[in-house]
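J.: Provided below for reference: sequence and predicted model.
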Amino acid sequence: MTRPCDPAFIRVAEQLADAARPIARRYFRAGVTVDQKADNTMVTTADREIEATMRAIIGAAFPDHEICGEEEGGVVRGDGYQWVLDPIDGTSAFVMGAPTFGVLIALALDGVPILGIIDQPISGERWIGAAGRGATFNGARIHTRDRASLNEAMVFTTAPEYFEEPGDLAAFNDVASQARSVRYGADCYGFGLVAMGYVDLVVEASLKPWDFAAIVPVVQEAGGIVTDWRGAPLTLESDGHVLAAGGPTCHAAALAQLGSD
């Protein structure tokens, strides 16, 4: 069993989220400069400023901890403590003025996420999950739900184009065709809704460690399950196929469909 997350780590993680909020708010719907990265994804001044600010706080608090972030890089490690940062998850939503993006903050130990924050700066919503300490939404404990069958499930994914590998889209469609409802475009926000018991499944592919590390403790500590599409627990070295479910029944049903093609 993983030992409970050190409260000092949680305090610093909240400091990071607190520091990111005013930066995101300052640039949101304010004509922020947008650049195109080599992988054809967008990056803004806000992304860079938030990550630099968070790195400075971590460096002062835990100089011996490694850091990996979407904008400034870093090597994913399988040993020791490593902070994994996505200053703005859902940059396209941010640029378009949609408040469904989030700041993702994770701490991993030996490659396994033990602490995660999903923070929505515009609405002031914050999910925190810490190993052995449960999950909260704006300070109140939260819990997932487990649907009895897939045809009762509410499902989120970001967009069909992220199912890049052969068979990925067909596998997702197998899940979607049986679900009660499917919605698109939530980015990290959908995982927060799983943790709160409003959504039953999030199915994603092509994610990087900074996209999924923070959501693992949030969903798991709320009572949910987060794995890859083979049912293996997520580590920083996972392949980016992510299935988050409110409980074992819904998880097993979705997993059976994802592995059927």
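T.: Sure, I can see it. All figures in this text were calculated on a predicted structure; none of them were measured in a lab.

J.: all contacts plus neighbour counts: C-alpha atoms, from now on.
T.: Will do.

J.: could you point out the helix or strand that follows the strand or helix carrying Ser177?
T.: Here Ser177 sits within helix 168-178, counting by DSSP states H and E. Going down the chain from helix 168-178, the next helix or strand is strand 181-184, by DSSP H and E.

J.: chain center to that next one, what's the gap?
T.: Chain-centre distance of strand 181-184: 18 Å, with Cα atoms, centre = their mean, to the nearest Å.

J.: again with stretch 23-34
T.: Using Cα atoms, centre = their mean, the offset of stretch 23-34 from its chain centre is 22 Å.

J.: what stretches of the protein score poorly on pLDDT?
T.: Counting by pLDDT under 70, the ranges of the chain that qualify are 1-2, 260-261.

J.: for it, which helix is longest?
T.: helix 7-27 (DSSP state H).

J.: packing partners for the next helix-or-strand element following that helix?
T.: Using DSSP H and E, the helix or strand that follows helix 7-27 towards the C-terminus is strand 34-36. Here strand 34-36 touches strand 42-44, going by 3 or more Cα pairs under 8 Å, 6 or more residues apart in numbering; DSSP states H and E.

J.: the strand it packs on pairs with which strands, parallel or anti?
T.: Using DSSP bridges, the strands paired with strand 42-44 are strand 34-36 (antiparallel).

J.: pull the CA atoms of the helix holding Ser177 into PDB?
T.: Extracted in PDB, the C-alpha atoms of helix 168-178 (Å, rounded to 0.1, in the frame of the first residue of the first chain):
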ATOM      1  CA  ASP A 168      -8.100   3.500 -31.700                       C
ATOM      2  CA  LEU A 169     -11.100   5.300 -33.100                       C
ATOM      3  CA  ALA A 170     -13.000   2.100 -33.800                       C
ATOM      4  CA  ALA A 171     -12.300   1.000 -30.300                       C
ATOM      5  CA  PHE A 172     -13.600   4.200 -28.900                       C
ATOM      6  CA  ASN A 173     -16.700   4.000 -31.100                       C
ATOM      7  CA  ASP A 174     -17.400   0.600 -29.700                       C
ATOM      8  CA  VAL A 175     -17.700   2.200 -26.300                       C
ATOM      9  CA  ALA A 176     -19.600   5.200 -27.500                       C
ATOM     10  CA  SER A 177     -22.100   3.200 -29.400                       C
ATOM     11  CA  GLN A 178     -23.200   1.500 -26.200                       C
END
